[in-house]
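Colleague: My questions are about this predicted structure, shown below with the sequence.
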Amino acid sequence: MERADVLLYAVGRLIPAALGIGTLAVFTSFATPAEYGRYAVIVAWQGLGCTILIHHLNYSLPRFWNDIESTRERDELVATVVALSLVGLAALGCLAIVLKNLGMLSAPEAFALFALGGSATARTSIQEMVRASLRARLHTWNRICLSVVVLISGGALLVSGEMPASFAMMAGLFVGDVVVVGLTVFVCRSSIRIAVPRRGLAKRLLAFGLPVNATTVSNQLTLSGLRIAIEHHLGPGAAGIYSASLDLAQKLMTLTMQVPSLAIMPHFYRAVGRGDDSEQRRLLSRLAIYSAALGGGVLGATSFHPGSLGTLALGAEFVDGVVMCVPWLALGTFIIRMKTNVLDVPLLVERRVTAFLVQALASGVVVIVGMVWLVDDHGIPGALVTFGAAYATQALLSVLMGGRPKLQPHVGAWLIKVMGVVSASVVLSKGVVWPMSSELTGARLGSAIPLAAYSVALVLGYFLIDIDGIRGTVVRWIRGKRGSGVSG
């Protein structure tokens, strides 16, 4: 990948993320928390269903595309992906019918779930084909176009008041998908050919994509499952407060922590191909520093000035939710971004798929337990603890299963200091007691659980550098205690 392509992909992340914050401000200004919550829950079901049933093809397509050189075989690959996508979409339609029959969705909401699934599947599949064919400029313009159309169409429908707010926002997403798909098909119309799907190729696509997709499914369960659980236990208003806070936290972290990875990782993998250990260490150290500094800076801003941030980015009815939720959600997102940017790199280089499967399983168990127990008993605070614990579990397992990147010596101590400041900023800004009593949050949660859950950042900082040294220190301490006991 050329440096210009890396810059294009970075722009393709930054501009949509900035526009996404603008869209969030518009949506929450014209929708109530209950309306936004209902919209978020339907989108959560769509995201969870598509991730389980269809998203694995987004890993398989670029993987096999680069191994195929003939035009005919690539056409067959595209046809097979389309066929498997249609099967997954049919399964999503069955899920919508089941949710309607269970009384969890109305008939219009079930149809909206299916329609959003279809449009999102078409858009993501086409974007992966564009990226696999190395058309970075078209891929970037697709992402920017999607963000602009969603902002304009969704905002216009909300302001007009011609349909319920939740459906107006979903219509904005649908129109954005349709416009992007239409424009891409028009631009690439000369390359579109009809081919027949191949059964053998379908088996290979599934065999590769399903295991790799496990971590994505687990992360989507964290993002979507908690929204659904909050809506079920506390109602759509609470789901709206939590969802708007989570959307804001993730967009802010995307603005800062994805760009270093996009800029540095292509050069890192070139160094891996050359076997240049010194260059690998230098590049990975730079990525760790940039990720921690940029992400930590944003996290500090969300911790000390959440009210100002909420006033700028969300409607008035959502500001209180930002004050109590965004710092904790931003810290959980910071942990998972540091994991994917730094800790997972050795596992990816060594292609240790089993490690990702174990992380996904353990994180999924944490989320399910949190959905069933913590959210029911503690409301939104329980969801925030579950969110942080799920991502911290993944990060810790990544370290224990070999995710210990080789960094330059001075970077270790620097990272520990940054993570300490980041953790302290969240804890100190929220005070000794976490005041979260209200009709929406449901319960009051003292400082003990948040302090324990988010001090994980410090622990991970130390594990990241010298886990073997920690193990040796503990062993020596135990032996010393035994020796003193015997001598006594």
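Modeller: Right, received. Where do you want to start?

Colleague: ok, for Arg281, nearest residue in space, not its chain neighbours?
Modeller: Nearest residue to Arg281, sequence neighbours excluded (CB to CB, 6 or more residues apart in numbering): Lys406, at 5.1 Å. Every C-beta, even on glycine, is put in place using the N, C-alpha and C of the backbone.

Colleague: wait, is the one you found part of a strand?
Modeller: No: read with DSSP: H, G, I helix; E, B strand; the rest coil, Lys406 is coil and lies in no strand.

Colleague: how about the residue most central in space within the chain, what does it touch?
Modeller: Nearest to the mean C-alpha position of the chain, counting by CA atoms, centre = their mean, stands Asn219 at 6.3 Å. Asn219 makes contacts with 336, 363, as judged by CB atoms under 8 Å, 6 or more residues apart in numbering.

Colleague: tell me the secondary structure for it?
Modeller: Classification of Asn219 by three-state DSSP places it in helix.

Colleague: separation between it and Ala390?
Modeller: Distance of Asn219 to Ala390, given as CB to CB, to the nearest Å: 8 Å.

Colleague: Likewise for Val212?
Modeller: 19 Å.

Colleague: between those two, who's got more neighbours?
Modeller: A direct count of neighbours by other CB atoms under 10 Å for Val212 and Ala390 places Ala390 higher, at 28 against 16.

Colleague: Only alpha carbons, please: show the strand or helix carrying that one as CSV.
Modeller: Secondary structure assigned from DSSP states H and E places Ala390 in helix 380-400. Output in CSV follows, covering the C-alpha atoms of helix 380-400 (Å, rounded to 0.1, in the frame of the first residue of the first chain):
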residue,chain,number,x,y,z
ILE,A,380,-26.9,1.7,33.4
PRO,A,381,-24.0,1.5,36.0
GLY,A,382,-24.1,-2.3,35.6
ALA,A,383,-23.9,-1.9,31.8
LEU,A,384,-20.9,0.5,32.1
VAL,A,385,-19.0,-2.0,34.4
THR,A,386,-19.9,-4.9,32.0
PHE,A,387,-18.6,-2.8,29.0
GLY,A,388,-15.3,-2.1,30.6
ALA,A,389,-14.9,-5.7,32.0
ALA,A,390,-15.6,-7.3,28.7
TYR,A,391,-12.9,-5.3,26.9
ALA,A,392,-10.4,-5.6,29.8
THR,A,393,-10.9,-9.4,29.7
GLN,A,394,-10.0,-9.4,26.0
ALA,A,395,-6.9,-7.3,26.6
LEU,A,396,-5.7,-9.4,29.6
LEU,A,397,-6.2,-12.6,27.6
SER,A,398,-4.3,-11.2,24.7
VAL,A,399,-1.4,-10.5,27.0
LEU,A,400,-1.5,-14.0,28.6
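
Colleague: Buried residues of that helix, list them for me.
Modeller: 380-399 (16 or more other CB atoms under 10 Å).

Colleague: Same check on stretch 63-77?
Modeller: 64-65, 73-77.

Colleague: Can you pick out the most distant pair from those residues?
Modeller: Spanning the widest gap among the buried residues of stretch 63-77 are Phe64 and Asp75, at 12.8 Å by CB to CB.

Colleague: Flag the shaky bits of the protein, pLDDT-wise.
Modeller: Low-confidence segments of the chain, defined by pLDDT under 70, are located at 1-10, 12, 62, 66-67, 128-139, 191-192, 303-308, 310, 403-404, 409-488.

Colleague: Show me where it has its strands.
Modeller: Assigned by DSSP state E, the chain shows no strands.

Colleague: tell me the domain ranges of it?
Modeller: What automatic domain parsing lists as the domains of the chain is 1-212, 238-488.

Colleague: from the chain's centre, how far out does the first one sit?
Modeller: Relative to its parent chain, domain 1-212 has a centroid offset of 15 Å by CA atoms, centre = their mean, to the nearest Å.

Colleague: Can you get me a residue count around Val178?
Modeller: Neighbourhood size, Val178 [other CB under 10 Å]: 17.

Colleague: And Ser70, how far from Gly295?
Modeller: Taken as CB to CB, the span from Ser70 to Gly295 is 43 Å.

Colleague: Can you list the residue ranges for helices in the stretch 101-250 of the chain?
Modeller: Counting by DSSP state H, counting those that start in this stretch, the stretch 101-250 of the chain has helices at residues 107-132, 136-160, 165-187, 199-212, 214-220, 226-234, 236-274.

Colleague: mind checking which of those helices is nearest Pro16?
Modeller: Nearest to Pro16, of the helices of the stretch 101-250 of the chain and by CB to CB, is helix 136-160 at 4.1 Å.

Colleague: Now do that closest one against helix 165-187, angle only.
Modeller: For helix 136-160 against helix 165-187, the angle by axes from the mean of the first three to the mean of the last three CA atoms, to 10 degrees is 150 degrees.

Colleague: List the buried residues for helix 136-160?
Modeller: Quick answer for helix 136-160 (16+ other CB under 10 Å): 136, 138-151, 153-155, 157-158.

Colleague: Please state the offset of the helix holding Ala390 from the chain centre?
Modeller: 13 Å.

Colleague: helices and strands around it, which ones?
Modeller: Applying 3 or more CB pairs under 8 Å, 6 or more residues apart in numbering; DSSP states H and E, one finds that helix 380-400 contacts helix 214-220, helix 226-234, helix 236-274, helix 319-338, helix 353-369, helix 375-378, helix 448-454, helix 456-487.

Colleague: Pick the most buried one from those helices.
Modeller: Among the helices and strands packed on helix 380-400, the stretch with the highest mean neighbour count (mean count of other CB atoms under 10 Å) is helix 319-338, at a mean of 25.

Colleague: now that helix: how far from the chain's centre is it?
Modeller: The chain centre lies 13 Å from the centre of helix 319-338; the measure is CA atoms, centre = their mean.

Colleague: Stretch 272-289 too?
Modeller: Computed by CA atoms, centre = their mean, the chain-centroid distance of stretch 272-289 equals 25 Å.

Colleague: who's in contact with that stretch?
Modeller: Applying CB under 8 Å, 6+ apart, the contact partners of stretch 272-289 are 260-261, 264-265, 267-268, 271, 338, 341-342, 345, 349, 405-408, 411, 414-415.

Colleague: switch to 6 Å and redo it
Modeller: 260, 264, 267-268, 271, 341-342, 349, 405-408, 411 (CB atoms under 6 Å, 6 or more residues apart in numbering).

Colleague: closest to Ile52 among those residues?
Modeller: Checking the contacts of stretch 272-289 one by one against Ile52 (CB to CB), the nearest turns out to be Asn341, at 25.3 Å.
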